[in-house]
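**Q** pasting the structure only:
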């Protein structure tokens, strides 16, 4: 049996997935991504994505943060862009990218179209994560290091698998959906710092739903798109990838969501800055440091993080999300980062910019990189030189928010409140929170999407 056939057999045949530890993790992922979608709904990238598709016709699926209703694929496009617009959404270790920003908009839109329950939506989401885990683990980290934005390249195939699960496809139709999803795989990290970066998540969500529709309509596709000549591994990585066999042999045992969890962000920026910032904040707490005590800061990161953080003098909020200098300056001056710190009117703050010459980012030698681990692929060492001549340093393997270092309930809801800050109707926020806390009991996911669509914003 081929790799894709094994994925499809599992996607179609697995027992209900939304239970036990997996249920709690999946519910928390929905709480987190709903907050990200609400916060990102008014971002310029999201508004432009909506403008591009609004005239294509009405449909049953709500757009978050506005009254529009679109066909499910187009709603997934807009909501996926919103989910990823502020780079506050989670990362997923096997994917080396953003999983929930693709999968949740896809299954929420399709679920609304099909009047699916909350439990069914969570079940499809978990199945999509499992498919992503096999496809991603088979090619990463080599695929990501070549410059592919895995959120986009692998995301469409994962969304196709999730849609197949929600639609109740048989294995053959599911294989066709994943194979068609492979034909949409594209997206370069060159787009980081532009509106197209979050659009990648929206396009992957849309392409996954379209792939499922094409498969349901009987369009044929190669039965093995992953592990053959001219297939995904061959074209997108070559011999530098680990291959799929180990990952597919362990599919669902236990679910990948339990094995890897999600990297839930506490800072609204690229994950490549998080370990360096967390180490800095720890040093400041441990030594009771204030900004006036610090003379200079150096962060040491591996090649992947160094290349992701391309903007040492960011000129826009999008560039600032990919800037080590901006994140470290914020951490020194404020002790935390909120969404308001990444708005256009905050980027040019002269107090923040004055710190840039004091902050350096160094790439660890490729011959002797910082050690990596599961959920610890972006480690950092932060070195702080004090005005009294002392030098403090701290190595951080994993950022706050990963499975091994999770957010507390208070931290999760504090982030949620930050994301909801633009909604004027506090009662509606309470209703949204109540629905999310009982997500698996919702009889029709459309009730939640209606709440998310009609919330008024300042």
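**A** Looks like it arrived, so ask away. Everything numeric here is computed off the predicted structure, so don't read it as measured data. Residues are numbered from 1 along each chain as shown.
**Q** Nearest residue to the residue most central in space within the chain in space, ignoring adjacent ones along the chain?
**A** Centroid-nearest residue in the chain, with Cα atoms, centre = their mean: residue 98, separated by 2.6 Å. The shortest distance from residue 98 to any residue that is not its chain neighbour, by Cβ to Cβ, 6 or more residues apart in numbering, is 4.4 Å, and that residue is residue 151. For the C-beta atoms, the positions are set from N, CA and C on the backbone; glycine is no exception.
**Q** which phi and psi does that neighbour have?
**A** For residue 151, the backbone dihedrals (degrees, to the nearest 10) come out as phi -50, psi -40.
**Q** And for it, the neighbour number?
**A** Burial of residue 151 is recorded as 29 neighbouring residues (other Cβ atoms under 10 Å).
**Q** Ok, the one 10 residues further on next?
**A** By the measure other Cβ under 10 Å, the count of residues near residue 161 is 35.
**Q** what's the answer for residue 441, then?
**A** 10.
**Q** hey, where'd the helices end up in the stretch 151-300 of the chain?
**A** Applying DSSP state H, counting those that start in this stretch to the stretch 151-300 of the chain gives helices spanning 155-167, 171-182, 196-216, 232-236, 245-249, 256-260, 274-286.
**Q** From residue 239, how far out is the spatially closest residue to residue 347 that is not a sequence neighbour?
**A** In this structure, residue 347 finds its nearest non-sequential neighbour in residue 320, 5.2 Å apart by Cβ to Cβ, 6+ apart. Noted for residue 320: a distance of 38 Å to residue 239, by Cβ to Cβ, to the nearest Å.
**Q** same deal with residue 370?
**A** As it turns out, when the distance is counted by Cβ to Cβ, residue 370 lies 26 Å from residue 239.
**Q** Who has more neighbours out of these two?
**A** When residue 370 is set against residue 239 and neighbours are counted by other Cβ under 10 Å, the residue ahead is residue 370, at 20 against 8.
**Q** Show the contacting residues for that one.
**A** Contacts were defined as Cβ atoms under 8 Å, 6 or more residues apart in numbering; by that measure residue 370 touches 300, 301, 302, 364, 379, 380, 381, 395.
**Q** nearest to residue 193, of those?
**A** residue 301 (17.4 Å; Cβ to Cβ).
**Q** Could you double-check that that closest one lies in contact with residue 360?
**A** No. Applying Cβ atoms under 8 Å as the test, residue 301 and residue 360 come out as separate, 11.1 Å apart.
**Q** So for those two, which sits in the more crowded spot?
**A** Remark: of residue 301 and residue 360, residue 301 carries more neighbours, 26 against 16, as counted by other Cβ under 10 Å.
**Q** Looking at strand pairing, list the partners for that one.
**A** Residue 301 has the following beta-bridge partners by DSSP bridges: residue 363, residue 380.
**Q** dump the residue contacts of residue 361.
**A** Contacts for residue 361 were tallied using Cβ under 8 Å, 6+ apart; they are 276, 298, 299, 300, 301, 306, 309, 312, 324, 325.
**Q** can I assume it sits in a helix?
**A** No. Residue 361: not assigned to a helix; according to DSSP: H, G, I helix; E, B strand; the rest coil it is strand.
**Q** Could you measure from it over to residue 10?
**A** Between residue 361 and residue 10 the computed distance is 41 Å (Cβ to Cβ).
**Q** ditto for residue 149
**A** Look at residue 149 and residue 10: by Cβ to Cβ, they are 26 Å apart.
**Q** before we move on, back to that, would you format the contacts of residue 361 as a markdown table with pLDDT and distance to residue 197 included?
**A** What follows is those, written out as a markdown table (pLDDT from 0 to 100; distance: Cβ to Cβ, whole Å):
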| residue | pLDDT | distance to residue 197 |
| --- | --- | --- |
| 276 | 98 | 21 |
| 298 | 98 | 27 |
| 299 | 98 | 22 |
| 300 | 98 | 25 |
| 301 | 98 | 20 |
| 306 | 98 | 18 |
| 309 | 98 | 14 |
| 312 | 97 | 18 |
| 324 | 98 | 17 |
| 325 | 98 | 19 |
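**Q** quick one: which of these sit in strands?
**A** Here DSSP state E is the test, and these give 298, 299, 300, 301 as lying in strands.
**Q** what ranges of the protein fall below the confidence cut-off?
**A** Low-confidence segments of the chain, defined by pLDDT under 70, span residues 455-458.
**Q** tell me, how many neighbours does residue 180 end up with?
**A** For residue 180, the count of nearby residues is 25 (other Cβ under 10 Å).
**Q** give the contact list for it.
**A** Contacts of residue 180 were listed using Cβ under 8 Å, 6+ apart, and they are 160, 210, 211, 214, 215, 219, 221.
**Q** can you pick the most crowded of these?
**A** Of all the contacts of residue 180, residue 160 has the most neighbours under the rule other Cβ under 10 Å, reaching 35 neighbours.
**Q** quick one, phi/psi of residue 412?
**A** For residue 412, the backbone dihedrals are phi -60, psi -50 (criterion: degrees, to the nearest 10).
**Q** Cool, thanks, talk later.
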